[in-house]
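> Quick one: sequence and predicted model below, then my questions.
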Number of protein chains: 2
Amino acid sequence: MNGSSLAIRQRSLGDPSIEFPLSPPLTRGCPRTSTDEIAYPVEVVYDYARLDKGLFDQAPGPDIGRWSPLLPPLEAPTLGEGGTPLLEFDGIYLKDESQNPTWSHKDRLNRVAISAALTEGAPGVVVASSGNHGASTAAYAARAGLPAIVLASAQSPAGVQAFVRAYGAQVYSVPVDERWPLLREIVDRLGYHPISNQTVTHTGHPYGPEGYKTIAYELFLQLGRVPAAVFAPTGYAELLFGTWKGFTELRLLGLAGATPRMFSCEPAAGGPNARALAEGTPAAIVELGASEAYGIAGSVGGHRGVLAVRDSGGEAVLVTDEEMRAAQRDLARQGVWQELSGAAGLAGYRKLRRDFDGPVVCIGTSSGFKDMGVGEEVFPVRAGLTVADLAP
Amino acid sequence: MNGSSLAIRQRSLGDPSIEFPLSPPLTRGCPRTSTDEIAYPVEVVYDYARLDKGLFDQAPGPDIGRWSPLLPPLEAPTLGEGGTPLLEFDGIYLKDESQNPTWSHKDRLNRVAISAALTEGAPGVVVASSGNHGASTAAYAARAGLPAIVLASAQSPAGVQAFVRAYGAQVYSVPVDERWPLLREIVDRLGYHPISNQTVTHTGHPYGPEGYKTIAYELFLQLGRVPAAVFAPTGYAELLFGTWKGFTELRLLGLAGATPRMFSCEPAAGGPNARALAEGTPAAIVELGASEAYGIAGSVGGHRGVLAVRDSGGEAVLVTDEEMRAAQRDLARQGVWQELSGAAGLAGYRKLRRDFDGPVVCIGTSSGFKDMGVGEEVFPVRAGLTVADLAP
């Protein structure tokens, strides 16, 4: 759309002096720096010197193909991901990622990751996911004509189970502890391209988070500057890292003079990113308590979130389900119905209670339709109501 | 955003020589031409001579405020409606309206109608709706700080009931035959502004369908021309009429040399628009059989759909639930999960089996999350799966 990809290599996040060819995507992380305890992801390197900065003269809009020079090759067709609105509420901004093709931010990642599967000639893709990620993979694989296997979780809300199954993928609800070994078997024996993690700490897909850079590009154009702070719902921190990387590129390219502080907002029931930052380790694995924010509540962290928070001068914020629920309710009372996980950014901002010298953006990741409990209550019919019966 | 509204008057759709002041919005249709059997809506008239056609040099994107000169005054804040993607599948186009703030096309109407309530100084709004319309009204009212009453139906899917209730409106599930009398009482006694119909045949909100004109503007920019044909899921035909009106404006303004044929796609279980066209009446009321396309299956039609189909040289197409289901499934197998009603446009196109001399657009109105049956099935966990167990 706007020129071909300038992606040239992969680079280790464990040691940036270590580089690899662009292909094949290192879906099991950096083979040189990873250990039995910590796996390091890789990222994609671009030939920025060849970029025509006129790329940023365009209006933001759907189809992240408009940013193709700064993304890995986009072989997969678009479903119209990106170009989501930025809404202002009480002086802060919400980036509403529920207005994506499968109603979450994950579509930006999957356009990129499914493209990698096509580029590599894989016979199919496989993903382990309890919700948004799996549905988005299924949708983009369907659009691209690639078979997809989704290893789902029985704990997902029933509506989300229908969602994941809608796109014609092979979907199996398997016990949580069997998901990753089975995924690995499917990769090894069927040659399917993995769209989710296979390592001890999270590395995920090496290209996927590049898709989230487009959030930074859009925010830059929508605000006319970079924000002072970004609060993102955080599970494996691919969203946080990708958005951060986009801002670093804007600075590198001389388009922006500063970068925002990045805040990871994790459920207090877990919080591997907060733990890693507190302990000064590259990534952490924690005990996970109960949380209904199933989209981001996890025990396993990765190195991307640590880099984004640390390098940006941000912080890790832990939010309780109650705090997320309050943020979710307040957003809904202003017209935006987010999934509980999707309200973690706003909950984190409120919890931190800090003033910033510039715009604050909370990323709202996903639609309220995906929440636990949705569709479990049917409301009784009331006959014979009159105006006098209506609550004031 | 792009200048103030050029709306100047209301005009009867029963007799276009009859005009009314712009305010108050004639929410009970044209008082001069309506009879006990047929109610005629009014539409909004603009001072087109004053329009700066540079308006159409912009890129389409979220917030229909970008089209403010050609809309009634937009007092209500945006939730980012509009700017939805246009996707090509097998040579035809799908306009994916599920990528709106409340995941249906209704957001375009409600931005406009809630604005009217604010302009008129109403103390609140009231709407009778079983789903998308009511939720969208609740969301835009919440965003604008206006109280809202939604008279819902107990037949709505449970997930949709949660959706309608999410935004803090007063929601009552009332018997279907009590909805309209109660709505009228709320309008008369509380002074609430009505966002849905109050007349014997459908007239609805006089300003609301103006919001759908923005679909025509976007299609014109996205295709670089007007399409040859548009297939729209049709209940009361506000979407069909509004989109049609937008195309007539593009022709009137000299921006487009032609207009598309407009096809109303109704559930075969009802089909008041098809009936009115077949019988040559301005609007019809029909018996309604069983249909799961609850978003558009109705017995009461209105005059707008007749005008759009007749004046554009289009046709009314009736589609069975089975035909909608096949279209829904095929869209999902290409990555787009629409509500059953939302697939009626594609079902209608397929049923008609006609060639057109130019692009064909089917409007996909809403997300699959809103369908009957979603969330009613929980899938069993399968333990001990290996690659050998996976279906080919």
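Done, it's in. Numbers count the residues shown, from 1 in each chain, chains lettered A, B, ... in the order given.
> Enumerate the residues of the stretch 101-250 of chain A near chain B.
Applying C-beta under 8 Å from any C-beta of the partner chain, we find that the stretch 101-250 of chain A lies next to chain B at A:101-103, A:139-140, A:142-143, A:149, A:152, A:154, A:157-159, A:161-163, A:165-168, A:170-175, A:178, A:182, A:185-186, A:189-190. Every residue, glycine included, has its C-beta placed from N, CA and C.
> mind running it again at 6 Å?
A:139, A:142-143, A:154, A:158-159, A:161-162, A:166-168, A:172-175, A:182, A:185-186, A:189 (C-beta under 6 Å from any C-beta of the partner chain).
> Out of those, which sit inside helices?
A:A139, A:A142, A:R143, A:A158, A:G159, A:Q161, A:A162, A:L182, A:E185, A:I186, A:R189 (DSSP state H).
> Would you point out the most distant pair within those residues?
Across these, the longest distance by C-beta to C-beta is 32.6 Å; it joins A:G159 and A:R189.
> Compare these two (neighbour count), which wins?
A:G159 (27 against 12; other C-beta atoms under 10 Å in any protein chain shown).
> Not counting sequence-adjacent ones, nearest residue to the more buried one?
Spatial nearest neighbour of A:G159, chain neighbours left out: B:G375 (3.7 Å); criterion: C-beta to C-beta, 6 or more residues apart in numbering or on different chains.
> Now for A:P101, how many residues are close by?
A:P101 has 28 nearby residues by other C-beta under 10 Å.
> and A:F163, what is it in contact with?
A:F163 sits next to A:A135 when contact means C-beta atoms under 6 Å, 6 or more residues apart in numbering or on different chains.
> could you measure it against A:T320, distance?
Counting by C-beta to C-beta, to the nearest Å, the gap from A:F163 to A:T320 is 27 Å.
> repeat for A:H202
Noted for A:H202: a distance of 23 Å to A:T320, by C-beta to C-beta.
> Pick out whichever of the two has more residues nearby.
Remark: of A:H202 and A:T320, A:H202 carries more neighbours, 26 against 15, as counted by other C-beta under 10 Å.
> Hmm, the more buried one is touching A:G302, no?
Yes. Counting by C-beta atoms under 6 Å, A:H202 does reach A:G302; the two are 3.2 Å apart.
> where does A:I38 land in three-state SS?
coil (DSSP: H, G, I helix; E, B strand; the rest coil).
> Can you name the residues that contact it?
Per C-beta under 6 Å, 6+ apart, neighbours of A:I38: A:T201, A:P282, A:A283.
> mind listing what the second one touches?
By C-beta under 6 Å, 6+ apart, the contact set of A:P282 is A:I38, A:H303.
> three-state assignment of it?
coil.
> Next one: it from chain B, what distance?
33 Å (C-beta to the nearest C-beta, to the nearest Å).
> ok, now A:G295?
For A:G295, the distance to chain B - C-beta to the nearest C-beta - is 15 Å.
> Is that residue in contact with A:S341, as I believe?
Yes. A:G295 is within contact range of A:S341, at 3.5 Å (criterion: C-beta under 6 Å).
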